[in-house]
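Q: here are the coordinates; sequence isn't available:
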C-alpha cells in the first residue's frame, strides 16, 4: 500500500469461488463502471484461487491458482477476499494475509465468531483491516449501522431474525399449517437448508451472528461460547396457533441485552406481538432491531443470504477499506467521486404509474359504463373496481363513488382521460386520483 | 488539523442550541465515556453560540458566543455543528467554516437540498467534510447505508416515509376514522406540526429529503427544484377506507427511480399493499426501502425526528469525520477502540423473561387450579390464559392443553415451577415453554 493518495488501482484476490467468492467476482465485474465512478479508483480482480472454473467473462490480467496461500503472498493483491468458508484453511489464510500486510474481507461468520478476537488482534498489530459486514445478515449493512451509524449511542438491546432458513420454516408452518418436518424437507429440496439442517434449525448459525452483533453493540470481546442456543424443532403448529390467539407470532430470534446485571446473549424461539414490524418479516428475510439510548429503536431488514446480497456487503467492505486506507478517498459528499450529468429528471407527466381513481357519480351503473368506455378509448386497463355502497358523507349526498384501480399508464394519458371523465354527464365532481406503488421489485 | 495521528482531542463548536444543537450538546456530554472508548480520542465541546442558555451541566472550558461566526473562526474548533436551521445565516456560516478549514455537520435538510451543490464543491476544494446524516430521517443511518453500506450496487429505486407528521396524520385518519383537519389540529396542539403546516403536509420537507436521497442513490447533483410534490390535504377517510377494501394503505411517500428514460423524483400520497412491511410503519416513524441491483430491497426504519434521534446522527457524523481525517482512527474491528472486560455474560438461568407455557393436561379445569397454585407459590403472575378448545391432534388424544402467558420471572424460578407442574397428577406430559419479547422499548 505504498504511494498513498496516488494509487489508482487496488488489487483484489479472491480465495474460493463458491456462492460468496463467485458472487463477488461477478459483482466487481458487472458494476465496474459504477464502482469506479463512486471510488475514483479502480477495483481489479488480479488473482483468484479455486478448484472451480472462474465464471466471469473477462479473465485478462487475472492470475489463477489452485493454492489459496498464493493469493495471500501475491504482491499485486491489496485486499484478500476469504470465501472458502469453514475453519481451515480459512483461518491460516487470513493470518498469512495479515502477516503479508493485506487487508482481508470475509463472510465467514463461524470463523469470526470463534476466532475473531485473535484475528482482530493480529490485524491491529499489523495495521490492516479485517472486514466482515457480509458475515451477518447478508446484504443488510448492520455491522456498519452498529459500528458507525449508531456510534453516538450506548446500545442497550438488539434482537433479530438472523437465520433465513429458520424464518422460512416458521413462516410456512404459520401460514400453511404445515409441520416442522414437512417444511424442513421442502426447504432442503429447494436448497434453503443444508442436508444436515442442525446448523440452521438448532440455532448455531444464529448464535455465531449474535455473538458478532453483541460484541459490536456493547464493546466487549467476542464470546460465542457463552451464547445460549435453542432451536425451533420442538415448535408445533398448535403453539403457533395459540400464540396467534394471544396476539403473537413465533420467530427464531437472537437477542442481546446489557444491564447492570450483565450481558444476555440468547438464541431461541420467541413470541413477539403481531403488531410489531419485525413480527411481519416473513420467509427467508432477515431483520434486526437495535435500541440505542439516543436513536431509539431502528430496524434493518433485507435478504440475509444468497450470492448477490452477500457480495453486495463483501464489495462494500472492499470500498470501505480503500476509502479508509487511501489518503485521497474519503466518502464523497453525494456518494460518488464523479457525479453524472447525462441523465435527466422526468416531468411527472412522463412517469408511468398505476392509479387509484375515485369518481363521484350520479348513477353508479350508468357512470361505470361511460367511464369504462373512456378508459378503453385511452387504452387504460382496469385492474379492480369497488362496487360496494358509499361510505359516510357520500351516503347522504345522493352521489355514489365509482372506485377503481388501473394498470400502468403514462401520467399525461391519465390526465387526458380524467379530463374527459370529468366532463361525463353522469360524473358529479372532480376525480380523486392517487398513485400506486407495489414495493415488490422493479417493474419491467 | 495538524499533528495527524497524534491529536487526542477534537474541538466541537455548536451554532444554535435549539432542538438539534441542544440535543447534540447533551448527547456529547451524556455519553462521553462511551464515545471516548469507541474513538480512542476525546470529543470536547469547546465553543457554543446561541441566544439561549446552555442547558448542559459541565460548562468548564466552553467558550460562549452570541455570534455564530465566532465559532467558525475559533482555532480551538475542529468541527462546526450548524444547528441554526433555515437559509441565513446558516449558509454564510457554513461557507465561513469551510473557508477556515473546519469540518461541518448539519441537520439542515432545506439548506443541503437547495444549496448542497455549492457547499460540497467548496468543501471539496478546501479538503474538508460537510456531513448531513441527520438531515434525512433523523436517527436512521440512511445516508450511510446509501453512500457506504450499499456502495457495491447500482441503486435502482428507493421509496420512503420521510415526513413523520404526515405519516402521523394519515395513521390517525386510518385507525380512528378522524378527518384530516381534526388530526392536523391535534398534531399542532401536540407540537408535531408547525403552526404553518404546509411544510409538512404539502410535502416540501419530504421533497428536500427526497432530493438528497436521490442524488446519493444515483450519483447526480442535487436537483430539488425538479421534485414533483403533492401533499396529503385532499385525502379523505373515504379514500382510506376504499384503499383498505382494495388491500392497500395510503402513505405519503417520496419515490425516486432511475431507468433508461431518466430519473423520477416525486412526493405524493401513494397506495401501497397492506402486506408490505412499509405499509405497517405507523405514527411519526420514518422508513425507507432501497433497491440495489445486488443487495435486493433493504428497509430502514426508525424515529425521523426529535432531539435525541437527530443528535444520534449528528454525533455519528462527528465520529465519522474524526475517523476519516485522523490518520490513527480507523473504525475498530469490534466498534470500540478499547474493549470492556468488566461485564459478564449472564447464564440463561439468570435472565428474566415473560413466558408462554403450553401444559398438556387430563382435565382442564382441575389442572388449571393446580397449575395456578404452583405459579402462585413461586410468585409467578399469569398475564393471559387460553380457555378455548384444543387444536388439531390434541383433539383426538383426550389431553387438553392449558395455555398461558406469565409476567416477568427469572428463568431458574421458572425451571423449578415447571418441574413441579410436570409432577402434577393432572398434567399429562412435558411443558412447552417459549420466551416472550415485546419490542416496545427496554423494560425497567
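A: That came through, no problem. If you're wondering where the values come from, they're calculated on a predicted model, not measured in any experiment.
Q: how about stretch A:410-425, does it get close to chain B?
A: No: if you take C-beta under 8 Å from any C-beta of the partner chain as the test, stretch A:410-425 misses chain B, and the best it gets is 9.3 Å. From N, CA and C alone the C-beta is placed, and that goes for glycine too.
Q: can you give me the strands for the stretch 1-150 of chain A?
A: With DSSP state E, counting those that start in this stretch as the criterion, the stretch 1-150 of chain A has strands at A:9-15, A:42-49, A:63-65, A:79-82, A:103-106, A:130-131.
Q: Give me whichever of those strands is most buried.
A: Scoring the strands of the stretch 1-150 of chain A by mean neighbour count under mean count of other C-beta atoms under 10 Å in any protein chain shown gives strand A:79-82 as the most buried, with a mean of 29.
Q: That strand pairs with which strands, parallel or anti?
A: Next to strand A:79-82 in the sheet, as set by DSSP bridges, lie strand A:9-15 (parallel), strand A:103-106 (parallel).
Q: what's the spacing between it and its chain's center?
A: Its chain's C-alpha centre lies 22 Å from the corresponding centre of strand A:79-82 when counted by C-alpha atoms, centre = their mean, to the nearest Å.
Q: Next one: the closest residue to residue A:19 other than its chain neighbours, what pLDDT does it get?
A: Distances taken as C-beta to C-beta, 6 or more residues apart in numbering or on different chains put residue A:307 closest to residue A:19, at 4.7 Å, once the chain neighbours are dropped. pLDDT, residue A:307: 95.
Q: next one: residue A:4
A: Predicted confidence (pLDDT) at residue A:4: the value is 48.
Q: got it, and residue A:387?
A: At residue A:387, the pLDDT value in this model is 72.
Q: distance of it from residue B:260?
A: Between residue A:387 and residue B:260 the distance, using C-beta to C-beta, to the nearest Å, works out to 39 Å.
Q: Would you mind telling me which of the two has the busier surroundings?
A: More crowded of residue A:387 and residue B:260, by other C-beta atoms under 10 Å in any protein chain shown: residue A:387, with 10 against 5.
Q: out of the strands of the stretch 1-150 of chain A, nearest to residue B:372?
A: Among the strands of the stretch 1-150 of chain A, the nearest to residue B:372 by C-beta to C-beta is strand A:103-106 (52.7 Å).
Q: For residue A:48, see how far away residue A:63 is.
A: Taking C-beta to C-beta as the measure, residue A:63 and residue A:48 are separated by 7 Å.
Q: Give the residues shared as contacts by these two.
A: Between them, residue A:63 and residue A:48 have no joint contacts when contacts are counted by C-beta atoms under 8 Å, 6 or more residues apart in numbering or on different chains.
Q: if I pick the spatially closest residue to residue A:319 that is not a sequence neighbour, what's in contact with it?
A: With C-beta to C-beta, 6+ apart as the criterion, residue A:319 has its nearest non-adjacent residue at 4.7 Å, and that residue is residue B:151. Shown in contact with residue B:151 (C-beta under 8 Å, 6+ apart): A:35, A:38, A:315, A:316, A:319, A:320, A:335.
Q: Just the closest of those residues to residue A:227, please.
A: The shortest distance between residue A:227 and any of these, using C-beta to C-beta, involves residue A:316 and amounts to 26.2 Å.
Q: Measure how buried that closest one is and give me the count.
A: Should you count by other C-beta under 10 Å, residue A:316 turns out to have 27 residues around it.
Q: In terms of secondary structure, what does the helix or strand hosting it contact?
A: Using DSSP states H and E, residue A:316 sits within helix A:307-325. Packed against helix A:307-325 by the contact rule (3 or more C-beta pairs under 8 Å, 6 or more residues apart in numbering or on different chains; DSSP states H and E) you find strand A:9-15, helix A:19-30, helix A:32-39, strand A:42-49, strand A:79-82, strand A:103-106, strand A:130-131, helix B:307-325.
Q: could I get the ones you listed as JSON lines with distance to residue A:411?
A: Formatted as JSON lines, those follow (distance: least, C-beta to C-beta, whole Å):
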{"stretch": "strand A:9-15", "distance to residue A:411": "44"}
{"stretch": "helix A:19-30", "distance to residue A:411": "32"}
{"stretch": "helix A:32-39", "distance to residue A:411": "29"}
{"stretch": "strand A:42-49", "distance to residue A:411": "40"}
{"stretch": "strand A:79-82", "distance to residue A:411": "45"}
{"stretch": "strand A:103-106", "distance to residue A:411": "44"}
{"stretch": "strand A:130-131", "distance to residue A:411": "44"}
{"stretch": "helix B:307-325", "distance to residue A:411": "35"}
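Q: Ok, which of these comes nearest residue A:378?
A: Between the helices and strands packed on helix A:307-325, helix A:32-39 lies closest to residue A:378; by C-beta to C-beta that is 37.7 Å.
Q: Give me the contact list for that closest one.
A: By C-beta under 8 Å, 6+ apart, the residues outside helix A:32-39 that reach it are A:28, A:42-43, A:315, A:319, A:322-323, A:329, A:332, A:335-338, A:340, B:151-154, B:219.
Q: Kindly recompute the last result at 6 Å.
A: Residues from elsewhere that reach helix A:32-39 (C-beta atoms under 6 Å, 6 or more residues apart in numbering or on different chains): A:42, A:43, A:319, A:336, A:338, B:151, B:154.
Q: Stretch A:401-418 now?
A: A:348-349, A:351-352, A:354-361, A:367-368, A:371, A:374, A:378, A:380-386, A:390, A:394, A:431, B:242.
Q: Now do the helices in the stretch 101-250 of chain A.
A: A:109-126, A:142-144, A:164-176, A:180-190, A:198-201, A:204-218, A:237-246 (DSSP state H, counting those that start in this stretch).
Q: Quick check, central residue of chain A?
A: residue A:302 (2.9 Å; C-alpha atoms, centre = their mean).
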